[in-house]
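S.K.: From the sequence below, what's the structure:
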Amino acid sequence: MLLDISKLTVKYHQREILASIKTALLSSLREVDVRGWYHNNHTIGIIFTEVAAEQDVPIDSIIHKIYDRFSEGLDPDWTNEIKISYHLFPEVSGVSLNDETFNINLYPDITKQSAGKNFCLAVKKVIDVLGSGFAILLLSPLFLMIAAAIKATSPGPVFFKQERVGKNGKTFTLLKFRSMQTNCDSAQHQNYVKKFICEQNNAEVEPGIFKLTHDSRITPVGCFLRKTSLDELPQLINVLIGNMSLVGPRPPLPYECELYDVWHRRRLLSCKPGITGLWQVLGRSRTTFDGMVRLDLRYIREWRLWLDIKILLMTPKAVINGTGAL
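M.R.: Residues are numbered from 1 along each chain as shown. Below you'll find the predicted structure:
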C-alpha cells in the first residue's frame, strides 16, 4: 500500500503531519508488517505480509478495513488529502482491469526522466503528428481504393473499431480496415489468446501472436489486407489524434491485459503503443508472447530517436516480405 502525502506537506506543518501519521500507523499495523519511505517525505510504503482472503471475503475488503482503521487516527481533512493506492501479490490471472492495474507509482524508475529525454519525446510527438498527417494525405487514394473493395465484396462498415489498451492502461478505440465479416463473436479469439499466453511454453503451441491461421470469418479482401498489413493503415488516424505513436509496443486487447504478469505491464507504462515496433520488424508472428514483450521492453530500454527512424526504415521490408502476417 502506498500513501501519497505530498498535498499534506504543502498545506500543513510537516513535523506535525508525520507525527500523527506515525501514531495512526502504529495503531493499525501488525508486527509482521513492513513500513518505510517509498519516496522520502512524499510517499509512505507499507507491505502487509501474510494477508490471506477467506473464501467469501475478497482481499480488497480486507485492505479497505485496514485503510478505515488508519483513517480513524487522523484528522478528516488530512485523510481527504492522502492518496491511497495498493497492489496485491501474487496476482490472480483473469481479473478485471482497474485503476491500480497500471499504477505508475509501482514503477518509480519510469517517472525519472532526464530533461534531454523529455526533449526527445517532444520531438517524437511532433514527428508522429507531422508524419501521420503527411502519410494520410499521401495514401488517401489507397484509402479510397481499399474502402471501395471492402464495400464491394462484403456488407458492413469500412472500418473495424476495437477497444485497445494504451499508455498507463488507458483504453482507446483502435481503427483498422475491416477484414472480417460483421458481428463476429470474439470468444474464439479470446480462448486462443488465453491459451497462447498461459500455455506458451507448451511444445504443442506454435509461436504466433494472437492470430488464427485458418479463420473462416476473414473475407477474401480481408485476407489480402492482413497479408500485406494494409488493414493497419487507419491507425495513422489514431496517431494523428494522439492515441498512438508511429513506433511503439503493440496495443493489447483488454482481455489480454487481464492475463498479464506484472512485468508484462511495463510495456504499457513508458510510451504510447505504436503501429510498428521491434516485434513487427524482428519477431512478428514467429515469436512467443514473452518474446514479444521482451522486444517491447528492449525498445523502451534502448529508445532513441534514431531507433524509431531505423524501425520505420525496416518496416516496409517486413511488410513486403509478409513474414508472419496472416
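S.K.: For Gly45, which three-state class applies?
M.R.: Following DSSP: H, G, I helix; E, B strand; the rest coil, we place Gly45 in the strand state.
S.K.: Could you count how many residues lie near it?
M.R.: When neighbours are counted by other C-beta atoms under 10 Å, Gly45 registers 14. Quick note: C-beta positions are derived from backbone N, CA and C, even for glycine.
S.K.: you'd agree it is up against Tyr38?
M.R.: Yes. Counting by C-beta atoms under 8 Å, Tyr38 is a contact partner of Gly45 at 3.3 Å.
S.K.: Quick check: neighbours shared by these two?
M.R.: Residues touching both Gly45 and Tyr38 by C-beta atoms under 8 Å, 6 or more residues apart in numbering: Leu2.
S.K.: packing partners for the helix or strand where Ile17 lies?
M.R.: Using DSSP states H and E, Ile17 sits in helix 14-28. With contacts defined as 3 or more C-beta pairs under 8 Å, 6 or more residues apart in numbering; DSSP states H and E, helix 14-28 has these neighbours: strand 43-47, helix 59-72.
S.K.: export that helix as CSV, just CAs?
M.R.: The C-alpha trace of helix 14-28 is given here as CSV (Å, rounded to 0.1, in the frame of the first residue of the first chain):
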residue,chain,number,x,y,z
GLN,A,14,5.4,18.6,8.0
ARG,A,15,6.6,17.6,11.5
GLU,A,16,3.0,17.6,12.9
ILE,A,17,1.7,15.6,9.9
LEU,A,18,4.5,12.9,10.2
ALA,A,19,3.9,12.5,14.0
SER,A,20,0.2,12.0,13.5
ILE,A,21,0.6,9.5,10.6
LYS,A,22,3.2,7.6,12.6
THR,A,23,0.8,7.3,15.5
ALA,A,24,-2.0,6.2,13.2
LEU,A,25,0.2,3.6,11.6
LEU,A,26,1.4,2.1,14.9
SER,A,27,-2.2,1.6,15.9
SER,A,28,-3.3,-0.1,12.6
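S.K.: tell me which residues in it are buried?
M.R.: Ile17, Ser20, Ile21, Ala24, Leu25, Ser28 (16 or more other C-beta atoms under 10 Å).
S.K.: try stretch 226-240
M.R.: Applying a neighbour-count criterion of 16+ other C-beta under 10 Å, one finds 226, 229-240 buried in stretch 226-240.
S.K.: Let's have these in CSV, adding pLDDT.
M.R.: Formatted as CSV, the buried residues of stretch 226-240 follow (pLDDT from 0 to 100):
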residue, pLDDT
Arg226, 88
Ser229, 88
Leu230, 93
Asp231, 94
Glu232, 94
Leu233, 96
Pro234, 97
Gln235, 97
Leu236, 97
Ile237, 97
Asn238, 98
Val239, 98
Leu240, 97
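S.K.: Quick one: the strands in the stretch 101-250 of the chain, in order.
M.R.: Along the stretch 101-250 of the chain, the stretches classed as strands by DSSP state E, counting those that start in this stretch are 159-165, 171-177, 245-247.
S.K.: JSON lines for those strands, including mean neighbour count and mean pLDDT?
M.R.: Below are these laid out as JSON lines (neighbours: other C-beta atoms under 10 Å; pLDDT from 0 to 100):
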{"stretch": "strand 159-165", "mean neighbour count": "17", "mean pLDDT": "94"}
{"stretch": "strand 171-177", "mean neighbour count": "19", "mean pLDDT": "96"}
{"stretch": "strand 245-247", "mean neighbour count": "26", "mean pLDDT": "97"}
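S.K.: can you give me the helices in the stretch 151-300 of the chain?
M.R.: Using DSSP state H, counting those that start in this stretch, the helices of the stretch 151-300 of the chain run over residues 187-198, 220-228, 235-240, 254-257, 278, 289-302.
S.K.: now swap in the stretch 1-150 of the chain and tell me
M.R.: Using DSSP H, counting those that start in this stretch, the helices of the stretch 1-150 of the chain run over 6-11, 14-28, 59-72, 76-81, 108-111, 115-138, 140-153.
S.K.: These: which one's closest to Asp296?
M.R.: Checking the helices of the stretch 1-150 of the chain against Asp296 by C-beta to C-beta gives helix 108-111 as the closest, at 13.8 Å.
S.K.: for the chain, what helix or strand is lowest in average pLDDT?
M.R.: In the chain, no helix or strand scores lower on mean pLDDT, DSSP states H and E than helix 108-111, which sits at a mean of 60.
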